[in-house]
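A.B. asks: Just to be clear, the model below is a prediction. Sequence and coordinates:
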Amino acid sequence: MLSHVKVLFVVLAIITNFMSSASAENKTTKLLIVGDSLSAAYGLLSSEGWVTLLENKYKQSGFEIDVVNAAISGDTTQGSLSRLPRLLEKHQPTHVFLELGGNDGLRGQNIQDMRKNLAKMITLIQQAGAQVFLQDMEIPSNYGSRYTQLFGDSYDILAKDNDLILFPFFLADIALDKSLMQNDGIHPNKAAQPIIADLMYKRLSAYLPAEPQN
């Protein structure tokens, strides 16, 4: 009798492990965008923003990738840090794209505090089992060379310390073309959104484990 119980226990354990492995393998790739106005389609319809265009591009290409846009215009690293735990619990992403810090810099906030906030976010995301993609950010040079340098160095340091993939600033070239920027000179306009979407599609697709749907 005991031998039968042992055999049954082993069989159940094997089935459970198999189902868990299959579930993990079949888990849909979910990309969570945590950012500010640059990712929140500021001044545009949400359907015109690069994040929505990116999601549409994946669908058209037959890739099973869910894209969740949690970017909020005006958000800082502190603001995003406070709402991140709920976002992770609600969406359970496999990957998170962090596009933050611009508003911290534009407001002249403490660089060390910004870096600490981002570091805490990275830790929370990794503890949740998701991969982090960090977006490099830039601010105008009129904040002083030292502040601007410290700001820019923060992303290199965070990427190195946490072994992250650091994407170059996605507006590096776009910001130089006035025809692609809104009147404030900070936010990309409607014409720039497809360009950003194409750029991010190429960058992200190199790391997202997705296959075209049959």
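C.D. replies: Sure, I can see it.
A.B. asks: Can you show me the helices along the chain?
C.D. replies: Ranges of helices in the chain, per DSSP state H, are 2-25, 50-60, 77-91, 102-106, 111-127, 145-161, 193-205.
A.B. asks: So what's the model's average confidence on the first one?
C.D. replies: Read that as helix 2-25. Mean pLDDT, helix 2-25: 42.
A.B. asks: ok, now the third one?
C.D. replies: Along helix 77-91, the predicted confidence averages to a pLDDT of 99.
A.B. asks: name the helices or strands packed onto it?
C.D. replies: Packed against helix 77-91 by the contact rule (3 or more C-beta pairs under 8 Å, 6 or more residues apart in numbering; DSSP states H and E) you find strand 29-35, helix 111-127. Placement of C-beta: from N, CA and C, glycine included.
A.B. asks: Give me whichever of those is most buried.
C.D. replies: When you average the neighbours per residue for each of those (mean count of other C-beta atoms under 10 Å), strand 29-35 leads with a mean of 23.
A.B. asks: Not counting that strand itself, show me its contacts.
C.D. replies: By C-beta atoms under 8 Å, 6 or more residues apart in numbering, the residues outside strand 29-35 that reach it are 39, 51, 64-72, 75, 80, 84, 87-88, 91-100, 121, 130, 135, 204, 208-210.
A.B. asks: next one: stretch 194-213
C.D. replies: Residues outside stretch 194-213 that contact it (C-beta under 8 Å, 6+ apart) are 29, 31, 50-51, 53-54, 57-58, 61-65, 95, 97, 131, 133, 165, 167, 170-171, 174, 180, 188.
A.B. asks: cool, and stretch 135-145?
C.D. replies: With C-beta under 8 Å, 6+ apart as the test, stretch 135-145 has contacts from 35, 97-102, 105-106, 108, 148, 151-152, 155-156, 166-172.
A.B. asks: All set, thanks.
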